[in-house]
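J.: pasting the sequence and the predicted model now:
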Amino acid sequence: MNLETMTALELGAAIRKGEISAVEAAKFSLAQIEKYDKKFYCFVTVQDDVLQRAEEVQKKISSGEYTSPLAGVPMGIKDNMCQKGIQTSCGSRMLYNFRPTYSATAVEEIMNAGAVPLGKLNMDEFAMGSTSETSWFGATKNPWNTACVPGGSSGGSAAAVAAGECFYSLGSDTGGSIRQPASFCGVTGIKPTYGSVSRFGLVAYASSLDQIGPLAHNAADCAAVLAEIMKQDKKDNTSVATKGVDLNAVLNTDVKGMKIGIPTDFFGEGLDKEVAETIEAAAWQLEAMGATVEKFDMPIVKYAIPAYYIIASAEASSNLSRYDGMKYGYRAENVNDLLELYTKSRSEGFGMEVKRRIMLGCFVLSSGYYDAYYRKALQAKALIKSAFDKAFEKYDLILGPVAPTTALKIGENLSDPLKMYLGDIYTVMINLAGLPAASVPCGFDAKGMPIGMHLIGHYFDETKILGAAHAYQQVTDWHRRRPTELDKI
Amino acid sequence: MYNAKVWETVMGLEVHVELATKTKIFCSCTTEFGGEPNTHCCPICTGMPGVLPSLNKAVVEYATKAGLALNCEITRYNKFDRKNYFYPDLPKAYQISQLYLPICRNGGIEIEAEDGGRKVIGIHEIHMEEDAGKLVHDPSTNSTMVDYNRCGVPLIEIVSEPDFRSANEVIRYLEKLKAILQYIGVSDCKMQEGSLRADVNLSVRPVGSDTFGTRTEMKNMNSFKAIMRAIQYEANRQVEVMEHGGEVMQETRRWDDNMGASFAMRSKEDAQDYKYFPEPDLIPIEISEETIEQTKKSLPELPEEKTRRYVNELGLSEYDASQLTGSKALVDLFEQNLAAGYPAKEIANWIMGEVMHLLSDSGKEPEDMAFDYGYLGSLIGMVQKNEITRNTAKKVFKAVFEEGCDPVQYVEQHNLKTVTDTGAVKAVIEEVVAANQKSVDEYKSGKEKALQYLIGQSMRALRGKADPQTVTAILKEILG
């Protein structure tokens, strides 16, 4: 049994069959972390109770209490999801010592399915960034090339799966934070429909856009995770009842007859030529499998970036106001009055990118500017949503690139935020529309860095997206490739 | 006091009312007043990272009820907004409130105007929001601590139009508002506990002017009396500023009841930009026509209807009826005893007399009456059955009012029952007559005053257990 090449579902099946115990699987993952994480820095926290948890889970599998196909499989959780008693830092000095007394609903759901959490995964501070470099704890490295970023903000979640440190992970996606790192690290990740996974316990960045989702080696694993966490939650007012994800339907999907649309506007200026060619090749592959592929125009795309940064920053400026040094987390020393306690704690507790977005958000919400920015952005959001609604009258899925480039060099974008923001061009519009979308490995550039294709579905069509991705993964092996860096360690 | 022939005061009120729901607006913590600091809170109402609000539907019901009782239009499609500001008593650093689409608009209630006529005070809007915590200063350590128990208690803010022209109108409006809200059961409206708080926006202008002057907003008045004083103080202050050629500054002022003065808290320049935007964590609330109709039907009889019924059906005077119906507690006291079969007029007389008297002496509000309302009926019953005299009953009621004791037991324990056995009364009086031969002689020689003395002595000996008429009759009989 080669655990290094196993998927989460394969491992889950082996555990259920008794070929390997949950404890042995956990020991394997802990050893992988020991071996690789010094180099990649995926985990902010490794839990000290992993083996106890694995033992407990094994007992419950043996007794028939845990029946999920994922029971006993070691996994990781992005550090912006609360887990009772475990440090939840959001990659920020502001929450360096914060241990919640409650768990996120998604964490509870996956625990109820018998997950064995290994620890908390690194991320851009408060999920703001596309490189995982803005974490106060240090940057995560791309397992395919440690000189490159893993993408972000769920960089730890993507890199840990790519490096084989865990079998799947939970990430969050506000403007591409699951899909872009999945693309950069050569793993499969999906952001489900807004409202389909509870946000309770997910530390908010932009409440109207945030959504939890899985990252794993393939589409089937993602479907299995989603099947456990896509549940309506009365603790999240914006969560909705869905038909969930049907793992069997995913495994038996045939793309024959599916109509796939490709927006020509996704292939404009700024898109790397190698990425464009690889995505086109993926489209041909799907066509070869029986899907109809067609190009169409979607000019609204150009409003996505400004609308996203206005809405996300506005909500963030309000969501992050609670970190004021008063109740928990970082508090500045040697202050003379209340105002100084606020300003010093926040100046010292937050990093550059977070401060930039808070200031942007405060600006667009300030009196006199609200109508010019925030209200306009909401209008753009509504237009983007209706453009997609219209496209989905015609197409089952929309296909395009996840990111305009492959993984960038560490430090390359940090000094140029605008360039970094433009890198989110294909992903942010999906969050604005609230649609589900996956990143599916579909090739490599000449430097050997992975490329992901963007499969976008209509509301609650997660089964269709992951089904098509699974069918694609039955005839391609991009998702099975493992980083060559691993062999050097 | 400024010259009312020259200056006119214009006021509008912002009244915050804590709703009497069992649990808070966005979590399941209790709304109960008091409690050890930070024992009525949870991760949600203390705004811990990652938590989300779940709307307590009862809050929408209560707010709708209040809106309908105050003659408002109900907004069918409601949203919440965030009001952002930093303060330690606000753990999320934003208050979930309603700016763009408040639940109620365009209402009003009728009050008695200064000229004795009727006048409608317009209600601009009512919106739902959450209360903040409380800062507690600890002088022993010279530090300030936060108590989050009140955080997330549901509030409605009732914003009036600038329709008030005198402090009396303000008080009448507040009394009526309070009575209505108590009637419909949406709030206990206890000012001392902060469940009803009124901020007064006030400006002055020359009589006859149709433009408004620059207004100030006054906060921190904890009683109707304080509101009255604060209004008088502020109107005088503004007139004085204007008469000295000055300009009134737009500012928020804090009333200090001990000093009898208000002090500027912050000026317009310091006014915060609350950066309102739609609350993304809560989906819009739709209130159906059907719900509104049902709520309308569920409203109890309101003060005006009740007053009419008390006058027309129970024969109370217009004045008594309107006084009674001005307070939910008095209405409850009245109706509970009426239902127990005591005569309406008798109960009303007791309330208008003894109850009002004791309330005003003790400085208590009707809702602070802590005794079992049925005790008033027991007393009335004892008087009706001649078990105690009316005077005794008044004394007993004072004890009931102050200590909450059961009047039947009290009369028993203090041996206050009227002596109905005339033989026993006669025996006592005979003793008095025997001991006061001088007065007996004087009476017999025609001195009427001597009889009164003997009555007094007899009453004293009987400790008030017999009424004067009986005593007089027996005395005359003995003296021949």
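T.: Yes, it's here.

J.: find me the pLDDT at the closest residue to chain B within the stretch 301-450 of chain A, would you?
T.: Closest residue of the stretch 301-450 of chain A to chain B, CB to the nearest CB: residue A:321 (3.3 Å). (Glycine included, C-beta is placed from N, CA and C.) Looking at residue A:321, its pLDDT stands at 98.

J.: and if you look at residue B:433?
T.: 84.

J.: secondary structure element for it?
T.: helix B:422-435 (DSSP states H and E).

J.: before we move on, what about residue B:13?
T.: strand B:7-18.

J.: near chain A, which residues of chain B are found?
T.: Within reach of chain A by CB under 8 Å from any CB of the partner chain, chain B has these residues: B:43, B:46-55, B:82, B:84, B:86, B:88, B:91-94, B:146, B:273, B:275-277, B:280-283.

J.: hmm, try it at 7 Å
T.: B:43, B:46-55, B:82, B:84, B:86, B:88, B:91-94, B:273, B:275, B:277, B:280-283 (CB under 7 Å from any CB of the partner chain).

J.: from those residues, which land in strands?
T.: Assigned to strands by DSSP state E, the following of these qualify: B:82, B:84, B:94, B:277.

J.: next, the contact list for residue B:157, please.
T.: B:14, B:16, B:126-127, B:129 (CB atoms under 7 Å, 6 or more residues apart in numbering or on different chains).

J.: what about 6 Å?
T.: B:16, B:127 (CB atoms under 6 Å, 6 or more residues apart in numbering or on different chains).

J.: one more: residue B:73?
T.: Residue B:73 neighbours (CB under 6 Å, 6+ apart): B:105-106.

J.: quick check: the gap between it and chain A.
T.: The spacing between residue B:73 and chain A, counted by CB to the nearest CB, to the nearest Å, is 25 Å.

J.: might one say that residue A:221 is in contact with residue A:167?
T.: No - in terms of CB atoms under 6 Å, residue A:221 does not count as a neighbour of residue A:167; the distance is 7.5 Å.

J.: so what sits against both of these two?
T.: Common neighbours of residue A:221 and residue A:167, counting by CB under 6 Å, 6+ apart, are residue A:8.

J.: count of residues packed around residue 6?
T.: Since you didn't name a chain, this refers to chain A. By other CB atoms under 10 Å in any protein chain shown, 20 other residues sit near residue A:6.

J.: chain B was what I was after
T.: Around residue B:6 there are 13 residues (other CB under 10 Å).

J.: could you find the closest non-adjacent residue to it?
T.: residue B:207 (6.1 Å; CB to CB, 6 or more residues apart in numbering or on different chains).

J.: what about residue 404, neighbour count?
T.: Went with chain A since none was named. Residue A:404 has 18 nearby residues by other CB under 10 Å.

J.: my bad, the chain I had in mind was chain B
T.: The local packing of residue B:404 (other CB under 10 Å) involves 12 other residues.

J.: that older thread, filter the residues of chain B next to chain A down to the buried ones.
T.: Buried members of those, scored by 16 or more other CB atoms under 10 Å in any protein chain shown, are B:43, B:46-55, B:82, B:84, B:86, B:88, B:91-94, B:275, B:277, B:280-282.

J.: how close does whichever residue of the stretch 51-200 of chain B sits closest to chain A sit to residue A:21?
T.: Nearest residue of the stretch 51-200 of chain B to chain A: residue B:93, at 3.3 Å (CB to the nearest CB). Computed as CB to CB, to the nearest Å, the residue B:93 to residue A:21 distance reads 48 Å.

J.: now whichever helix or strand comes after the helix holding residue B:433: buried residues?
T.: Following helix B:422-435 in sequence order, the next helix or strand is helix B:437-444 (DSSP H and E). Across helix B:437-444, burial judged by 16+ other CB under 10 Å covers B:439-440, B:442-443.

J.: and stretch B:216-227, by the same measure?
T.: For stretch B:216-227, by 16+ other CB under 10 Å, it's B:216-222, B:224, B:226-227.

J.: give me the mean pLDDT for it.
T.: Averaging pLDDT along stretch B:216-227 gives 93.

J.: quick check: end-to-end length of that stretch?
T.: Terminal residues of stretch B:216-227 are spaced 14 Å apart (CA to CA, to the nearest Å).
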